[in-house]
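*Asks:* no sequence on this one, just coordinates:
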């Protein structure tokens with residue numbers, strides 16, 4: 001965000017690819033991004049923006065089938081994302097004392113299925129590098145794969161928005177018909193970017209090389225299959241079943257790299273163990 005604000009004042013200094021401030025805001029805002037998708041006929045769940053309590057009625061919500069997902073336009077990391085099953089529960093939620101339930105709120109049709117993500121680097125409206133993944137366990141166990149449909153959707157969004165920089169698109173695979181719907185765009189670095197690096201696509205390096213040389217990046221070959229993060233060490237079944245067979249040489253190097261500076265990793269692990277112990281004692 002800061003780089004988007006100051007890049008025009010950097011003069012002769014090289015700048016990592018980052019899209020303009022107005023476009024950055026429009027893509028980050030979940031409601032504005034959803035409107036962009038709808039305008040360009042890119043598949044996305046039906047949504048309504050509730051700005052006041054009176055709008056929670058069947059007439060205004062016509063076309064939205066319950067259950068729904070409720071979320072704020074500007075929050076991140078699934079904060080304030082709630083699944084609600086009927087209109088009475090929606091009214092109670094908005095009127096209640098809950099974190100992150102301040103209006104306006106997006107009411108979005110719930111899509112049965114699982115989340116899949118597309119990570120990209122774009123240069124002036126052209127998608128040049130990518131990885132696709134889904135999480136078996138969020139942040140801990142990921143699977144990298146190829147999907148032409150997701151890639152084409154990413155190309156459309158990048159081209160139509162003139163996007164420039166890195167982004168992470170959250171998508172949803174509908175289990176009823178296998179279709180892909182776009183949920184959100186995070187036009188910034190994302191939490192699992194290191195996993196993409198260990199699978200062969202170093203988005204940071206590619207962006208820096210473009211900034212220094214002006215030469216368009218070329219999509220590297222990337223390794224498909226499983227990635228186990230250090231967060232997976234907390235899972236009871238980490239070493240169970242086929243984990244060792246799926247643990248690649250690059251993945252082992254990632255573990256060595258993480259534990260070469262172990263303090264942050266151990267801090268996270270100990271914090272999680274403390275939280276788990278507190279919940280068990282409270283229960």
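*Replies:* Here it is on my side, so go on. All of these numbers come straight from a predicted model, not from anything done at the bench. Numbering: from 1, shown residues only.

*Asks:* shaky segments in the stretch 51-200 of the chain?
*Replies:* Along the stretch 51-200 of the chain, the parts satisfying pLDDT under 70 run over 77.

*Asks:* Now do the helices in the stretch 51-200 of the chain.
*Replies:* Ranges of helices in the stretch 51-200 of the chain, per DSSP state H, counting those that start in this stretch, are 87-95, 148-161, 193-198.

*Asks:* Now do the second one: which elements does it pack against?
*Replies:* Counting contacts by 3 or more CB pairs under 8 Å, 6 or more residues apart in numbering; DSSP states H and E, helix 148-161 packs against helix 21-28, helix 30-39, strand 113-123, strand 126-137, strand 165-174, strand 180-186. Where you see a C-beta, it was placed from the backbone N, CA and C, and this is true even at glycine.

*Asks:* Same question for the shortest one.
*Replies:* Secondary-structure packing of helix 193-198 (3+ CB pairs under 8 Å, 6+ apart): strand 126-137, strand 141-145, helix 203-213, helix 249-260.

*Asks:* Not counting its neighbours along the chain, what's nearest residue 104?
*Replies:* What sits nearest to residue 104 in space, not counting adjacent residues and going by CB to CB, 6 or more residues apart in numbering, is residue 51, at 4.6 Å.

*Asks:* what's around the residue nearest to residue 253 when sequence neighbours are not counted, how many residues?
*Replies:* In space, residue 253 comes closest to residue 198 once its chain neighbours are excluded; the distance is 7.1 Å by CB to CB, 6+ apart. Applying other CB atoms under 10 Å, we find 21 residues neighbouring residue 198.

*Asks:* ranking the helices of the stretch 51-200 of the chain by burial, who's on top?
*Replies:* Mean neighbours per residue, mean count of other CB atoms under 10 Å, is largest over those for helix 193-198, with a mean of 20.

*Asks:* And the contacts of that one?
*Replies:* 119, 131, 133, 142, 144, 202-204, 222, 227, 229, 250-251, 253-254 (CB atoms under 8 Å, 6 or more residues apart in numbering).

*Asks:* Could you report the distance from the residue nearest to residue 104 to residue 97?
*Replies:* Per CB to CB, to the nearest Å, residue 51 is found 20 Å from residue 97.

*Asks:* neighbour-wise, which of those two wins?
*Replies:* For residue 51 versus residue 97, neighbours defined as other CB under 10 Å are more numerous around residue 51 (10 against 5).

*Asks:* Might one say that that one is in contact with residue 103?
*Replies:* Yes. Residue 51 is within contact range of residue 103, at 5.9 Å (criterion: CB atoms under 8 Å).

*Asks:* quick revisit: out of the helices of the stretch 51-200 of the chain, which gets nearest to residue 113?
*Replies:* Nearest to residue 113 among these is helix 148-161 (13.4 Å), distances taken as CB to CB.
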